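Engineer: With the sequence up front, the predicted model follows.
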There are 2 protein chains.
Amino acid sequence: LQKHDLKTVEKILSKTHKGDIAEVFKYLSKEERTKIFNILYKTNPEKAVEVFKDLDDIVKIEIIRSLHIKDSVDFILKLPTPEIASIIENIPEDVKKAVIENLKGEEKEELKHLLSEGEDKVASIISDSYLAVLDTSTVEDAIQKVKEYNQDIELVYIYVVDEKNKLVGVISLKDLLTYPSNLMIKDIMKRDLITLNIEDTKEEAIENFRRYDLYVLPVVDDEGTLLGVVYIEDILDVMSEKTTEDFFKMAGAKEEELFYADKTFKIAKLRLPWLLIATVGEFITAVIISLFDYTISEFIQVVFFLPMVAALSGNISSQAAIIAARGLRDGRLTENTIDYLFTVFRELKVAVFIGIIIGILVGVVASLWISNHILGIIVAIALFFSIVFAGLIGSLVPFIMYKLEKDPTLATGPLSLTLTDIIGISIYLVVATFFIHYLKL
Amino acid sequence: LQKHDLKTVEKILSKTHKGDIAEVFKYLSKEERTKIFNILYKTNPEKAVEVFKDLDDIVKIEIIRSLHIKDSVDFILKLPTPEIASIIENIPEDVKKAVIENLKGEEKEELKHLLSEGEDKVASIISDSYLAVLDTSTVEDAIQKVKEYNQDIELVYIYVVDEKNKLVGVISLKDLLTYPSNLMIKDIMKRDLITLNIEDTKEEAIENFRRYDLYVLPVVDDEGTLLGVVYIEDILDVMSEKTTEDFFKMAGAKEEELFYADKTFKIAKLRLPWLLIATVGEFITAVIISLFDYTISEFIQVVFFLPMVAALSGNISSQAAIIAARGLRDGRLTENTIDYLFTVFRELKVAVFIGIIIGILVGVVASLWISNHILGIIVAIALFFSIVFAGLIGSLVPFIMYKLEKDPTLATGPLSLTLTDIIGISIYLVVATFFIHYLKL
């Protein structure tokens, strides 16, 4: 990127679709990104705002940090309030302070509301780019308004409000084209509306978009006042965020760490809690193993298969848990207890079948390897029971989480794996010890 | 559900939004669902088709199976071809045969194409509900076409084709309202179009929808002929399917099993491959442990912490792997090797930090518990090295998968965990043996 290329860069930027610029940004280095953003911001601040909205949260923060304080404050003040809310906690303190000081009273209130509500509400993805007409208008008035409407985003629905800004109906552009221009809007509008409440969560918004096949949903408060709209394209982003969040949850990590590009300590701090729980859990397995030191010193070969018991129990329980948790998440499984017990029963049958196959396989190989048929049989039986219990735990824990109003996805993480380790290893050692004594008689 | 309620049920069904019916279906028992669907199908077959499209795949199959053969064949023939393709492999053989026999030649070809291409292509979500006008039309002609257009789905864009059905432009309804009615469409249409190719994957479609904020994308072949459109609402469903698929992949399971409600053997068969790989991997750990039987019989306490080493290495590697795999998936991480090495380096730093904390913690508790300080120190050091290597493996494997053009999500599953077990346990035992010998001198 040479100095004399500046004009070319400007020209390319002005011709490229905002979505493409945001996409290309992913493939640039940090320096290239910030440099190009600066050029864009200087030549076309509005487009810079549009591109910015499409960037990943981490890149947003990176760009804000790269701007001079004054520039970054000016730039942030150009953003819509929900966008400000989504980044404000991660920008330098001085910029944050300056932004809040310079916000207008109304926007400051909105920001405060958004921050207190957290990221999870519809409020954080609401847009004020929409067209509303009074219910006293005619079709012609509405067409006039459409002609004047000058937003980047495609217009599909026109909302109808009364004089108190209460949402009373909706018409489509197609209706405006179809009906005679002297008709009253209120006589042709559709009155039974699907709306979002400002207090709804993003999850509920996703649910509504998936259920009703609409491109835009109006957002109202409890009195039915129209506050804004939510666009389906923002729902795409929300869905992708939720997925990432779920994956992080499964790992016992938190999505927040994406903001901490290379802050080792902060990332480690976010990941440690579950690891510490796992450590405590594994101390329990250590104690359990120590209780069986007689069995172990008698037949040291029992130990060889300890990691196998732990790993297979873990895999089987996480298969069952992931399938159950996803089912609860996407509504395939209902909270109906009978239905759920049916699922648990099915997982149990699957585990029994898998336990028999793997038990026999490992038993045969183990007896050949250590030339001790009895130990082979013991390992096979112990493994079988561990696998069956793992299937049971894996399918039960998500449901218990759900009933406790916790997120069932948590059941697929370190907690469940530790639990399976403890139980799997206990069963294995108890069965092994029992048979060893029995066979010795 | 009594006989005399039939009329009421019919009335409720006719008044309820198709999305709501599909939603309610989730909360009904199998019998209720099929009974109500039968009523709906008899009174309003078109709506039954619409409701059907919104149902989960498993419920679809369940309903098809509940209908009489003749009814189910008739019903399936009413569905759009991509919809037929998505269920045909899971319906009874006789119904399948009858459906294929009764399809028209063109539809049969399309079905064959869809089935051979698999589920992953845009072709499986293409819709033929769209409005196209010839480039020789006037604005008035187009308005006339809009008035005649009578589909359930909201009209936003009108596609412009030449006499060979080649896509040449697009206009929005707003344009039709804005421009004088005697203008030629070709003079006002937008010519630089964003299109999907019929050979694109669903992933690419998602990417395009997220990038360009459009509600509908036209699908063309290599010659630019307009073949149909893809709606953003179907993209919502695809995203949700992809998420479920990824979660199943992480568990080493396959989404297909959702079709096999209670077929234990089939489900077990789908899950077994990864479990068998894990079993083989854990045999390797068994062999490795057997090589250290001298160390173990000398200091049996070393064994107590084997499951802890396996579990913590596993957790740490899966945190690193999930974060890297998600990053590669959603484009946060690019395939740029330098960028990636930076991520690996960060994960390594995090692992070192976590290794120090957990190493010290476990070391202290272990020395107090087994009253052997030296063994405490050995466990701490061995654990530290296992954790650091786990972080390295976890962050590297997704990238290797990506470079091998495999799905990086696979790296978060059983394969990676087994690998971590093998390496973690080897490191632990090597370090322990080394120090035991060293300290004995």
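Structural biologist: All right, it came through fine.

Engineer: Could you measure from A:S172 over to chain B?
Structural biologist: 6 Å (C-beta to the nearest C-beta, to the nearest Å). In short, each C-beta sits where N, CA and C put it, glycine included.

Engineer: do A:E62 as well
Structural biologist: 12 Å.

Engineer: Spell out which helix or strand contains that residue, please.
Structural biologist: helix A:57-66 (DSSP states H and E).

Engineer: tell me the average confidence for that helix?
Structural biologist: Mean pLDDT, helix A:57-66: 81.

Engineer: Kindly report the same for stretch A:302-315.
Structural biologist: 90.

Engineer: quick one on the thing from earlier: other SSEs contacting the helix holding A:E62?
Structural biologist: Applying 3 or more C-beta pairs under 8 Å, 6 or more residues apart in numbering or on different chains; DSSP states H and E, one finds that helix A:57-66 contacts helix A:30-43, helix A:69-78, helix A:81-87.

Engineer: go with 6 Å
Structural biologist: Packing contacts for helix A:57-66, counted by 3 or more C-beta pairs under 6 Å, 6 or more residues apart in numbering or on different chains; DSSP states H and E, involve helix A:30-43.

Engineer: I'd like to check what contacts the helix or strand where A:I143 lies. Which residues are they?
Structural biologist: Using DSSP H and E, A:I143 maps to helix A:139-148. When contacts are defined by C-beta atoms under 6 Å, 6 or more residues apart in numbering or on different chains, helix A:139-148 is touched by residues A:V133, A:I158, A:L176, A:Y179, A:S181, A:L183, A:I185, B:L177, B:T178.

Engineer: what about burial for the residues you listed, which qualify?
Structural biologist: For those, a burial check counting by 16 or more other C-beta atoms under 10 Å in any protein chain shown picks out A:V133, A:I158, A:L176, A:Y179, A:I185, B:L177, B:T178.

Engineer: In TSV, list these along with secondary structure, distance to B:I323 and pLDDT.
Structural biologist: Listed next are the buried ones among the contacts of helix A:139-148 as TSV, based on DSSP: H, G, I helix; E, B strand; the rest coil; distance: C-beta to C-beta, whole Å; pLDDT from 0 to 100:
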residue	secondary structure	distance to B:I323	pLDDT
A:V133	strand	48	94
A:I158	strand	44	93
A:L176	helix	49	88
A:Y179	coil	54	89
A:I185	helix	51	93
B:L177	helix	48	87
B:T178	helix	48	87
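
Engineer: relative to helix A:69-78, how tilted is the helix holding A:E62?
Structural biologist: Interaxial angle, helix A:57-66 versus helix A:69-78 (axes from the mean of the first three to the mean of the last three C-alpha atoms, to 10 degrees): 140 degrees.

Engineer: in helix A:57-66, what's buried?
Structural biologist: A:V59, A:K60, A:I61, A:E62, A:I63, A:I64, A:S66.

Engineer: what's it in contact with?
Structural biologist: Helix A:57-66 has contacts (C-beta under 6 Å, 6+ apart) with A:T34, A:F37, A:S72, A:I87, A:N90, A:I91, A:L258.

Engineer: separation between the nearest residue to A:L28 once chain neighbours are set aside and chain B?
Structural biologist: Counting by C-beta to C-beta, 6 or more residues apart in numbering or on different chains, A:L28 lies nearest to A:I36, which is 7.0 Å off, once chain neighbours are set aside. For A:I36, the distance to chain B equals 16 Å [C-beta to the nearest C-beta].

Engineer: what's the answer for A:S367, then?
Structural biologist: Between A:S367 and chain B the distance is 13 Å, computed by C-beta to the nearest C-beta.

Engineer: What strand or helix carries that residue?
Structural biologist: Assigned by DSSP H and E, A:S367 falls in helix A:337-370.

Engineer: before we move on, what about A:V99?
Structural biologist: helix A:93-102.

Engineer: tilt between that helix and helix A:57-66?
Structural biologist: Angle, helix A:93-102 to helix A:57-66, by the same axes, to 10 degrees: 90 degrees.

Engineer: which strands and helices sit next to helix A:93-102?
Structural biologist: helix A:69-78.

Engineer: roughly how far out does the helix holding A:S367 sit from the chain middle?
Structural biologist: Mean C-alpha position of helix A:337-370 versus that of the full chain (C-alpha atoms, centre = their mean, to the nearest Å) differs by 32 Å.

Engineer: Now do it: which elements does it pack against?
Structural biologist: Applying 3+ C-beta pairs under 6 Å, 6+ apart, one finds that helix A:337-370 contacts helix A:373-403, helix B:264-291.

Engineer: Pipe those helices into CSV and attach mean neighbour count per row.
Structural biologist: What follows is the helices and strands packed on helix A:337-370, written out as CSV (neighbours: other C-beta atoms under 10 Å in any protein chain shown):
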stretch, mean neighbour count
helix A:373-403, 23
helix B:264-291, 19
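
Engineer: Redo those helices as CSV? Include distance to B:R191 and mean pLDDT.
Structural biologist: Formatted as CSV, the helices and strands packed on helix A:337-370 follow (distance: least, C-beta to C-beta, whole Å; pLDDT from 0 to 100):
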stretch, distance to B:R191, mean pLDDT
helix A:373-403, 52, 88
helix B:264-291, 48, 89
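
Engineer: so can I have JSON lines of the contacts of helix A:57-66 showing pLDDT?
Structural biologist: Converted to JSON lines, those look like this (pLDDT from 0 to 100):
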{"residue": "A:T34", "pLDDT": "82"}
{"residue": "A:F37", "pLDDT": "85"}
{"residue": "A:S72", "pLDDT": "84"}
{"residue": "A:I87", "pLDDT": "81"}
{"residue": "A:N90", "pLDDT": "76"}
{"residue": "A:I91", "pLDDT": "80"}
{"residue": "A:L258", "pLDDT": "67"}
